[in-house]
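[1] have a look; sequence and predicted model below, questions after that.
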Amino acid sequence: MAHSHHHHNHHSHDLKGRNLLISIILNVVITVAQVIGGIISGSLALLSDALHNLSDVISLVISYVANALSRKQASTNKTFGYKRAEIIAAFVNSATLIIVAVFLIIEAIERFFSPQDIGTGIVIALSVLGILANGFSVLLLKSDSDKNMNMRSAYLHLLTDMMASVAVLAGGILMYYFQWYWIDPLLTLVIALYLIYMGLQLLRTSTKVLMLFTPDTIEVQQIVAAICKLGPIENVHHVHIWQLNEDELHMEAHIDFKEDIALSEFDKILVEIEAMVFSEFGINHINIQPEFEKCDSKNLIVQD
């Protein structure tokens, strides 16, 4: 077995945890204010924004816990530790985005058939509060959102909520000047459809990781062909490639050799394989089983 490791930056984890905690506090404040304001004003769009903010609070708490768990060390009965906690958090958060969106669509359709007068002053004031608070949270999480699926799920929750607040603000201004109260459920519908679009993308990505699917960027046949060019290799078969988390891409395979080589020679070839699959394909953990004239199928590149 051969491994090539990349160590986590604990300072980065601490920073992510702090930023998440600040975002949680801000979203709790926004949610309470918008629920009260939505009830007083009668604005469904404001209440939908509050509901989305509530889902933000839940998703951020999940992300915060997952971020903390991911730092726990592996043990004999948890040999991978909690490295997949953040992937599970991303899956749960993306699913909640879709569930909240479906609820909002139902409420918006009902409001289309029974429009109500809305207290636009409260709507405008609270939407501005939502834009400022969520905008600050988005800036806090942006730097980590491109590197970590869990942080990206939290970032998307906050970004979509900031955009929803912008839409609510625009709707509040239009209702104030023109009394276009139908704009309230229309905005709610647009926000909900966007939530579904963003949620499905993240749900698809996190599901692939949890199901141990080979990443889309990896072509197994290309890796097999590249390995076969190194040393006296006859065949590469029984290949499995999967993503453990954001940082670790694993591969295991059986390699059939043309000659009964010495273990020391195999070690040299193994170093070449490690360097090649890391530099060309980003695979940083490999487990190779060497074989010579072993009686098993050599034609199955992939097999359960």
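    That came in fine, so what should we check first? Residues are numbered from 1 along each chain as shown.
[2] those strands in this protein, which residues are they?
    Per DSSP state E, the chain has strands spanning 2-3, 233-243, 249-257, 285-291. These are given in chain order.
[3] ok, and for the helix ranked longest in the chain, which residues are buried?
    Longest helix in the chain by number of residues (criterion: DSSP state H): helix 10-41. Neighbour counts using 16 or more other C-beta atoms under 10 Å place 13, 16-17, 19-20, 23-24, 26-28, 30-31, 33-35, 37-38, 41 of helix 10-41 among the buried residues. Just so you know, the C-beta spots here come from the backbone N, C-alpha and C atoms, and that holds for glycine as well.
[4] got it, and stretch 120-136?
    For stretch 120-136, a neighbour-count test (16+ other C-beta under 10 Å) marks T120, I122, V123, I124, L126, S127, L129, G130, I131, A133, N134, G135 as buried.
[5] so which one among these has the lowest pLDDT?
    Within the set of the buried residues of stretch 120-136, pLDDT is lowest for T120 (78).
[6] please tell me I have it right and that one contacts A170.
    No: counting by C-beta atoms under 8 Å, A170 is not a contact partner of T120; they are 11.6 Å apart.
[7] residue ranges with poor pLDDT in the stretch 51-200 of the chain?
    Low-confidence segments of the stretch 51-200 of the chain (pLDDT under 70): 115-117.
[8] the helices in it, which residues?
    In the stretch 51-200 of the chain, helices defined by DSSP state H, counting those that start in this stretch lie at 85-113, 120-145, 149-178, 183-210, listed in chain order.
[9] can I get those in a markdown table with distance to Q222?
    Below are those laid out as a markdown table (distance: least, C-beta to C-beta, whole Å):
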| stretch | distance to Q222 |
| --- | --- |
| helix 85-113 | 25 |
| helix 120-145 | 29 |
| helix 149-178 | 25 |
| helix 183-210 | 19 |
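[10] quick check: which of those helices is buried the most?
    Highest mean neighbour count among these (mean count of other C-beta atoms under 10 Å): helix 149-178, with a mean of 23.
[11] what is that helix packed up against?
    Judged by 3 or more C-beta pairs under 8 Å, 6 or more residues apart in numbering; DSSP states H and E, the packing partners of helix 149-178 are helix 10-41, helix 44-69, helix 85-113, helix 120-145, helix 183-210.
[12] sorry, back to before: for the strands of the chain, which one sits closest to V271?
    Closest to V271 of those, according to C-beta to C-beta: strand 2-3, at 8.0 Å.
[13] mind giving me the domain split of this protein?
    Split into domains by automatic domain parsing, the chain comes to 2-210, 220-291.
[14] still on that earlier bit, switch the strands of the chain over to a markdown table; also include distance to I88.
    Below are the strands of the chain laid out as a markdown table (distance: least, C-beta to C-beta, whole Å):
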| stretch | distance to I88 |
| --- | --- |
| strand 2-3 | 24 |
| strand 233-243 | 14 |
| strand 249-257 | 18 |
| strand 285-291 | 20 |
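[15] who are the contact partners of N27?
    Counting by C-beta atoms under 8 Å, 6 or more residues apart in numbering, N27 touches N53, D56, V57, L60, A133, N134, S137, L158, D161.
[16] list just the nearest of those residues to E219.
    Checking those one by one against E219 (C-beta to C-beta), the nearest turns out to be L158, at 35.0 Å.
[17] from L140, how far off is the closest one?
    Here the criterion is C-beta to C-beta, to the nearest Å. By it, L158 lies 9 Å from L140.
[18] now for these two: what residues contact both?
    Joint contacts of L158 and L140 (C-beta under 8 Å, 6+ apart) are S23.
[19] excluding its backbone neighbours, what's nearest E259?
    Among residues not flanking E259 along the chain, P232 sits closest, at 5.0 Å (C-beta to C-beta, 6 or more residues apart in numbering).
[20] quick one, phi psi at I261?
    When read as degrees, to the nearest 10, the backbone of I261 gives phi -80, psi 160.
[21] brain fart, K229
    Residue torsions, per degrees, to the nearest 10, at K229 are phi -80, psi -10.
[22] could you measure from it over to L141?
    43 Å.
[23] enumerate every residue touching the residue lying closest to Y155 once chain neighbours are set aside.
    Residue nearest to Y155 in three dimensions, not counting chain neighbours: S145, with 3.8 Å by C-beta to C-beta, 6+ apart. Contacts for S145 were tallied using C-beta under 8 Å, 6+ apart; they are M151, R152, A154, Y155, L156.
[24] mind picking the two most distant members of the residues you listed?
    Greatest spatial distance among the contacts of S145 (C-beta to C-beta): M151 and L156, at 9.7 Å.
[25] which residue is nearest the middle of this structure?
    For the chain, M149 is the residue whose C-alpha lies nearest the centre (C-alpha atoms, centre = their mean; 3.2 Å).
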